[in-house]
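>>> Sequence plus the predicted model coming up.
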Protein chains: 2
Amino acid sequence: MVMHKNSSPGDITAVFGRLVEESLPGRRGEKAWRALLQAHATLMRRLDTDLREDTGLRLADFGVLAQLAGAGGELRMTELAARTLLSRSGLTRRVARLVDEGLVRRANAAGDGRGVLVALTEAGVARLTETMPVHLQGVSKLFVERLDEQELAVLETALRKVIVDCTFG
Amino acid sequence: MVMHKNSSPGDITAVFGRLVEESLPGRRGEKAWRALLQAHATLMRRLDTDLREDTGLRLADFGVLAQLAGAGGELRMTELAARTLLSRSGLTRRVARLVDEGLVRRANAAGDGRGVLVALTEAGVARLTETMPVHLQGVSKLFVERLDEQELAVLETALRKVIVDCTFG
DNA sequence: CCGAGGTACTTGCGATTGCAAATACCTATG
DNA sequence: CATAGGTATTTGCAATCGCAAGTACCTCGG
């Protein structure tokens, strides 16, 4: 065993390991946390690149169209931002791009001059119709099919418990 | 019951609902998937803003320093990119910024002229030492403490199953 | 009906991103 | 020992991001 005046190699790991123990006794939850980060990052990257290759649509744009469809075709900006987990300013620009592509339309909210109603166009519906199966099959293959009922149930309840309320944008 | 030639309000939701059923029979896993997206997005945003307010360090920069510490103080670029879930080009620039701030140092990899070794500086170690508890207590409070042993165990095994192999960058 | 203060959304700005191409170096083959 | 092809990293570029400030509109007390 070699000891130096300063840190020996691998020492740093041990020092910070001890620091982890102080906040996470027994390093409880560390592996689950890491798994969450890694699963999310790799799944998103894969789903996004696959979707773009197969349909030309970005995952974030798909998310906007899908949320609109799930809400009956139209939503206010703020509500849409909340559902898509996008910042308000980010949504403003994303919607602008979708309007340019003709997939979405903007209208004034009836009875509130401040509000903007975003609605799917016919082209948007058509685009979503061809895109949806591609994305869902990706989610199915990479996520749903790899998990059993119990795992899905626990994931749902556990992850719901850790959703934080935080304003986006 | 009112029927129009074209879609009636709410119709779109039903149409796409049917489309979901085709790829996800019984909409299996849909709720868990949604919970994953929402938990990740809100947790990350919260942890990042909290960390920045309390220590001035971005979450992504913290991640780089923490991975280096966990690996004994230094890593090659590609390995570091993989561990931090960053793209290679993203890491190049992030490391450049960290070098500017003096938290990290670059050196040539011994025996491979192509390789770059990124290492924590003393200042980097110091910064990490003061930052680590803040971040970990955030993770503890928002994530670990809200879950029981079984939930953490299932999260870990389930999420590990859905980690995709995909090159970053 | 006026004005203060709240809400809804957009925009200026500087920072950051990833992709694809470029650079630099290594390795194996003939 | 030349060179073809692979690996490690960086950079040009155009797109995108969030924050903070700005605009527009609504609401309500007086």
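Yep, that arrived.
>>> Up against DNA strand D, what does chain A have?
Counting by CB under 7 Å from any atom of the strand, chain A comes close to DNA strand D at A:58, A:60, A:86-87, A:89-90, A:93-94, A:97, A:112-114, A:168-169. Any C-beta I mention is one placed from the backbone N, CA and C, and that applies to glycine too.
>>> List just the nearest of the residues you listed to A:A123.
A:A123 has its nearest neighbour among the residues of chain A next to DNA strand D in A:R97, at 13.9 Å by CB to CB.
>>> just to revisit the earlier point, now for the residues of chain A next to DNA strand D: which two are most distant?
A:R58 and A:G113, at 31.4 Å, using CB to CB across the residues of chain A next to DNA strand D.
>>> Quick check on those two: which one has the bigger neighbour count.
The residue with more neighbours, out of A:R58 and A:G113, is A:R58; 15 against 7, by other CB atoms under 10 Å in any protein chain shown.
>>> Can you point out the buried residues in the lengthiest helix in chain A?
Determined from DSSP state H, the single longest helix within chain A is helix A:30-55. Neighbour counts using 16 or more other CB atoms under 10 Å in any protein chain shown place A:30-33, A:35-48, A:50-51, A:55 of helix A:30-55 among the buried residues.
>>> Make sure A:V118 is indeed in a strand.
Yes. Under DSSP: H, G, I helix; E, B strand; the rest coil, A:V118 sits within a strand.
>>> name the helices or strands packed onto the longest helix of chain A?
Contact here means 3 or more CB pairs under 8 Å, 6 or more residues apart in numbering or on different chains; DSSP states H and E; on that basis helix A:30-55 packs against helix A:59-70, helix A:122-142, helix B:30-55, helix B:149-161.
>>> want to throw those into a markdown table with mean pLDDT?
A markdown table is the format used below for these (pLDDT from 0 to 100):
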| stretch | mean pLDDT |
| --- | --- |
| helix A:59-70 | 96 |
| helix A:122-142 | 95 |
| helix B:30-55 | 94 |
| helix B:149-161 | 97 |
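>>> B:T131 is nearest to which of these?
Closest to B:T131 of the helices and strands packed on helix A:30-55, according to CB to CB: helix B:30-55, at 4.7 Å.
>>> Let me know whether the closest one sits next to DNA strand C.
No. Under the criterion of CB under 7 Å from any atom of the strand, DNA strand C is not reached by helix B:30-55; the shortest gap measures 10.6 Å.
>>> Equivalent analysis for stretch A:83-92, please.
Yes. Shown here: stretch A:83-92 in contact with DNA strand C (CB under 7 Å from any atom of the strand) through A:R88, A:S89, A:L91, A:T92.
>>> Just the mean pLDDT for that stretch, thanks.
Averaging pLDDT along stretch A:83-92 gives 94.
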